[in-house]
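Student: sharing a sequence plus its predicted fold:
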Amino acid sequence: MKSLYFLILITATIVFSSCMKGESVDLIIHNAKIYTMDDANTIEDAIAIRDGQIIEVGPEREILNRYRADEFIDAELKEVYPGFTDAHGHIMSYARQMLSVNLVGSKSYNEMLVRIEKYKSKHQHDFIIGCGWDQSRWKNDEMPTNEKLNELFPDIPVCLFRIDGHALLANDYLIKKSDVLNKVANDSELSSGGYFIYDSLENFTGVMVDNAMNPILDILPDFTEKELSEAILEIQLELYSYGVTGVHEAGLKYAEVELFQKLIKKDELNLNIYGMLLPTEKNIGFARKNGVYQNENLLIRSFKVYGDGALGSRGAFLKEAYTDKHNHHGYLTTSIKRMKEISGICEEIGYQMNTHAIGDSTNRLMLEMYEKIYNVNPDHRWRIEHAQIVDPKDFEFFAKAGVFPSVQPTHATSDQRWAESRLGKDRMIGTYAYNSLLNQFGMLAIGTDFPVELINPFLTIHAAVNRKNSENFPVLGFQPEEAITLNQCIRGMTIWAAYAAFQELSLGTIEAGKDATIVMFESAIHANELYSPNFAYMTFINGEKVYSVE
Ligand SMILES: [Zn+2]
């Protein structure tokens with residue numbers, strides 16, 4: 001009897017341990033070329049994933065022997081990376097652009113008018129909003145006037161945003177309705193942080209820049225929640241198709257935070273969103289109440305401040321006057337007093353301050369302001385968004401004050417067509433200087449600024465590494481000494497972007513314990529030195545397949 005008991009026990013043990021051969025996981029991706037992006041740049045073959053987390057990354061045999069999984073994916077040697085992050089994008093602006101007349105790429109003023117008429121014939125809106133014109137792509141590179149717009153649309157408001165969002169062209173109907181001329185003339189904050197453009201005969205063209213747009217923005221109707229939600233989900237899908245699993249949303253209104261919350265609650269918005277709040281009273285109240293706010297895939301712990309305008313519309317604030325506009329220096333769009341107030345609030349509640357700074361004067365000002373927080377907290381990670389024109393004398397501040405540069409390499413290759421005419425040859429040293437910035441701080445947060453540029457991260461890589469645009473121009477690269485390496489660029493979209501959002505413990509590399517947020521690409525990034533076209537083959541967020549080409 002006793003021996004029978006032992007026999008049963010031994011048999012049971014054998015059966016039990018054979019069941020246990022291999023720890024159980026949900027998913028194994030194997031036969032892959034996994035760029036973990038860890039400190040040693042380790043490349044591995046296989047990943048075991050359970051409950052949305054990476055359990056182990058390692059050689060093929062080791063992972064397949066150690067684990068048994070509900071699902072296996074044979075990657076057939078495709079490259080796998082941590083999901084890419086766009087460290088500076090505008091989901092909400094892109095959503096509104098998708099719902100407006102699309103003026104991106106229009107080659108002339110007339111083409112713009114044709115597109116508006118087509119849109120008007122198909123839509124029932126009592127307000128026409130268009131986005132994306134860029135006069136530098138037209139024959140004479142002159143700012144438009146609203147003359148023809150008034151003829152065609154005399155009794156409906158028309159508002160057409162320039163590609164950078166820093167200027168708009170309005171028809172007379174809207175100008176009257178908004179009372180913009182009087183309002184700006186009587187408000188020093190509006191008139192000092194923006195301007196109206198007049199033609200050679202001193203007639204108002206209908207173009208206003210930066211803060212001078214505000215009275216019109218105040219009366220602009222918004223699209224419905226349903227329209228916006230649908231557009232947001234379409235953008236999410238576009239991001240996934242490029243392997244982008246996270247966006248640092250550079251400027252959110254309170255109502256937009258609420259919309260994201262709703263879509264997250266419905267489990268429709270799964271993208272990782274690092275939200276930068278616009279410093280409105282409502283948002284400041286939100287930040288004071290919640291502090292660091294994490295709701296599933298939405299993390300909020302920063303404010304976005306607009307320091308100045310854009311170089312294209314001559315709103316960037318420069319130390320010396322513009323080369324192509326006499327005596328014009330650009331301007332600050334937020335007063336120094338207000339910026340100091342916001343930095344005080346950030347310091348008080350432990351938020352990060354992310355300031356849009358294009359001109360060398362704005363960059364210097366912010367670097368000095370940020371130096372104060374460095375003395376209190378050397379790991380503050382406060383960011384300068386764009387850091388586009390930096391006086392070479394000021395680069396050292398990025399190291400000295402621990403300032404995180406957040407850059408968009410496609411801006412360099414888009415702006416190179418006209419940047420020198422704004423700045424002159426001598427001032428080009430220190431512009432779009434990503435390698436110099438990297439050498440100072442040791443990291444870059446890399447994004448696209450979509451919809452100002454395209455979402456496609458491979459154009460970003462091409463611009464950063466080859467310093468060329470999608471047409472492979474210029475042939476020798478734009479200021480090639482400021483190129484960064486492929487590895488550095490991918491770091492800027494993975495682990496460094498994670499650092500820039502305080503998410504390095506859960507995102508940015510493929511390592512045990514982190515979120516299983518990864519992408520497998522159709523073709524090898526390393527095999528094609530033009531990098532594009534390329535797309536995600538499969539995209540995963542927290543172990544869930546959110547996109548697949550099939
Ligand atoms: Zn932006």
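Tutor: Right, received. Where do you want to start? Numbers count the residues shown, from 1 in each chain.
Student: tally of neighbours for the closest residue to the ion within the stretch 451-550 of the chain?
Tutor: Here the stretch 451-550 of the chain gets closest to the ion at one residue, residue 452, 6.4 Å apart by Cβ to the ion. Any C-beta I mention is one placed from the backbone N, CA and C, and that applies to glycine too. By other Cβ atoms under 10 Å, 26 other residues sit near residue 452.
Student: what secondary structure does residue 145 sit in?
Tutor: coil (DSSP: H, G, I helix; E, B strand; the rest coil).
Student: tell me, how many residues neighbour it?
Tutor: Count around residue 145 with other Cβ under 10 Å applied: 18.
Student: next one: the one 5 residues further on
Tutor: One way to gauge burial is a neighbour count; for residue 150, by other Cβ under 10 Å, it gives 15.
Student: buried residues in the helix or strand hosting it?
Tutor: Using DSSP states H and E, residue 150 maps to helix 147-152. For helix 147-152, burial by neighbour count (16 or more other Cβ atoms under 10 Å) applies to residue 149.
Student: now for this protein, the helix or strand with the poorest mean pLDDT.
Tutor: Least confident helix or strand, the chain: helix 2-19 with a mean of 50, by mean pLDDT, DSSP states H and E.
Student: and the pLDDT at the residue in the stretch 401-550 of the chain that the ion sits nearest to?
Tutor: Residue nearest to the ion within the stretch 401-550 of the chain: residue 449 (4.4 Å; Cβ to the ion). Residue 449 is assigned 97 on the pLDDT scale.
Student: what about the closest residue to it other than its chain neighbours, neighbour count?
Tutor: Leaving aside its chain neighbours, residue 449 sits nearest to residue 408 (4.5 Å; criterion: Cβ to Cβ, 6 or more residues apart in numbering). Residues lying near residue 408 (other Cβ under 10 Å) number 28.
Student: tell me the contacts of residue 408?
Tutor: 88, 386, 446, 447, 448, 449, 452, 453, 460 (Cβ atoms under 8 Å, 6 or more residues apart in numbering).
Student: measure it to residue 420 for me?
Tutor: Taken as Cβ to Cβ, to the nearest Å, the spacing of residue 408 relative to residue 420 amounts to 19 Å.
Student: coming back round to it: can you tell me the SS state at the residue of the stretch 401-550 of the chain closest to the ion?
Tutor: coil.
Student: so what's it up against?
Tutor: 88, 89, 90, 250, 386, 408, 410, 411.
Student: and it, backbone torsions?
Tutor: The phi/psi pair for residue 449 (degrees, to the nearest 10) reads phi 70, psi 30.
Student: give me the below-cutoff pLDDT ranges for the chain.
Tutor: 1-21 (pLDDT under 70).
Student: where exactly do the helices run in the stretch 251-400 of the chain?
Tutor: For the stretch 251-400 of the chain, the helices defined by DSSP state H, counting those that start in this stretch cover 254-265, 281-290, 336-349, 360-376, 396-400.
Student: mind giving me the packing neighbours of the third one?
Tutor: The one in question is helix 336-349. For helix 336-349, the packing partners by 3 or more Cβ pairs under 8 Å, 6 or more residues apart in numbering; DSSP states H and E come out as helix 281-290, strand 298-306, strand 352-357, helix 360-376.
Student: next: the longest one.
Tutor: Contacts defined by 3+ Cβ pairs under 8 Å, 6+ apart place helix 360-376 against helix 336-349, strand 352-357, strand 383-386, helix 396-400.
Student: how close does residue 145 get to residue 170?
Tutor: For residue 145 relative to residue 170 (Cβ to Cβ), the value is 11 Å.
Student: hang on, I meant residue 43
Tutor: 54 Å.
Student: more neighbours: which of those two?
Tutor: residue 170 (23 against 14).
Student: the spatially closest residue to residue 263 that is not a sequence neighbour: neighbour count?
Tutor: Excluding its sequence neighbours, the residue lying closest to residue 263 (Cβ to Cβ, 6+ apart) is residue 269, at 3.7 Å. Neighbours of residue 269 under the rule other Cβ under 10 Å: 21.
Student: residue contacts, residue 269?
Tutor: 232, 233, 236, 260, 263, 297.
Student: and the fifth one, what does it touch?
Tutor: Going by Cβ under 8 Å, 6+ apart, residue 263 touches 229, 232, 233, 269.
Student: any idea which of the residues you listed is closest to residue 159?
Tutor: residue 232 (21.6 Å; Cβ to Cβ).
Student: do a quick rundown of the strands in the stretch 351-500 of the chain.
Tutor: Secondary structure of the stretch 351-500 of the chain by DSSP state E, counting those that start in this stretch: the strands cover 352-357, 383-386, 404-407, 445-446.
Student: now those as CSV including distance to residue 220?
Tutor: Below are the strands of the stretch 351-500 of the chain laid out as CSV (distance: least, Cβ to Cβ, whole Å):
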stretch, distance to residue 220
strand 352-357, 21
strand 383-386, 24
strand 404-407, 28
strand 445-446, 30
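Student: now, of the ones you listed, which is deepest in the fold?
Tutor: A comparison of the strands of the stretch 351-500 of the chain by mean neighbour count, using mean count of other Cβ atoms under 10 Å, puts strand 445-446 on top with a mean of 30.
Student: how about the residues of the stretch 101-250 of the chain near the ion?
Tutor: Counting by Cβ under 5 Å from the ion, the stretch 101-250 of the chain comes close to the ion at residue 250.
Student: quickly list what the residue in the stretch 101-250 of the chain positioned nearest to the ion is bridged to.
Tutor: Proximity of the stretch 101-250 of the chain to the ion (Cβ to the ion) peaks at residue 250, 4.5 Å away. Beta-bridge partners of residue 250, counted by DSSP bridges, are residue 276.
Student: hmm, residue 386 and it touching each other?
Tutor: No. Taking contacts as Cβ atoms under 8 Å, residue 250 lies outside contact range of residue 386: 9.8 Å.
Student: for the protein, which residues are neighbours of the ion?
Tutor: Residues of the chain lying near the ion by Cβ under 5 Å from the ion: 250, 449.
Student: per-domain residue ranges of the chain.
Tutor: What the record gives for the chain is the domain set 85-89+223-544, 128-219, from automatic domain parsing.
Student: out of those domains, flag the one nearest residue 68.
Tutor: Of all those, domain 85-89+223-544 comes closest under Cβ to Cβ, at 16.2 Å.
Student: first vs last residue of the closest one, how far apart are they?
Tutor: This stretch, domain 85-89+223-544, spans 17 Å end to end (Cα to Cα, to the nearest Å).
Student: again with stretch 389-406
Tutor: Start-to-end, stretch 389-406 (Cα to Cα) is 13 Å.
Student: buried ones in it?
Tutor: Buried residues in stretch 389-406, counted by 16+ other Cβ under 10 Å: 389-391, 394-395, 397-398, 401-406.
Student: ok, which pair from those residues is furthest apart?
Tutor: Longest span within the buried residues of stretch 389-406, Cβ to Cβ: 389 and 402, 21.0 Å.
Student: about what we covered before: which one of the contacts of residue 408 is nearest residue 224?
Tutor: Closest approach to residue 224 among these (Cβ to Cβ): residue 452, at 24.7 Å.
Student: wasn't residue 215 part of a helix?
Tutor: Yes. Assessed with three-state DSSP, residue 215 lies in a helix.
Student: spatially nearest residue to residue 198 (excluding sequence neighbours)?
Tutor: residue 204 (5.7 Å).
Student: that neighbour: what's it in contact with?
Tutor: 175, 181, 196, 197, 198.
Student: now do stretch 211-229: distance from first to last residue.
Tutor: Stretch 211-229 has an end-to-end distance of 28 Å (Cα to Cα).
Student: distance from it to the middle of the chain?
Tutor: Taking Cα atoms, centre = their mean, to the nearest Å, one finds the center of stretch 211-229 at 21 Å from the center of the full chain.
Student: buried residues, that stretch. List them.
Tutor: 211, 212, 213, 214, 215, 216, 220, 223, 228, 229.
Student: surely the fifth one touches residue 185?
Tutor: If I follow you right, that is residue 215. No. Residue 215 is not in contact with residue 185 according to Cβ under 8 Å; the separation is 10.6 Å.
Student: quick check: neighbours shared by residue 250 and residue 386?
Tutor: 88, 356, 449.
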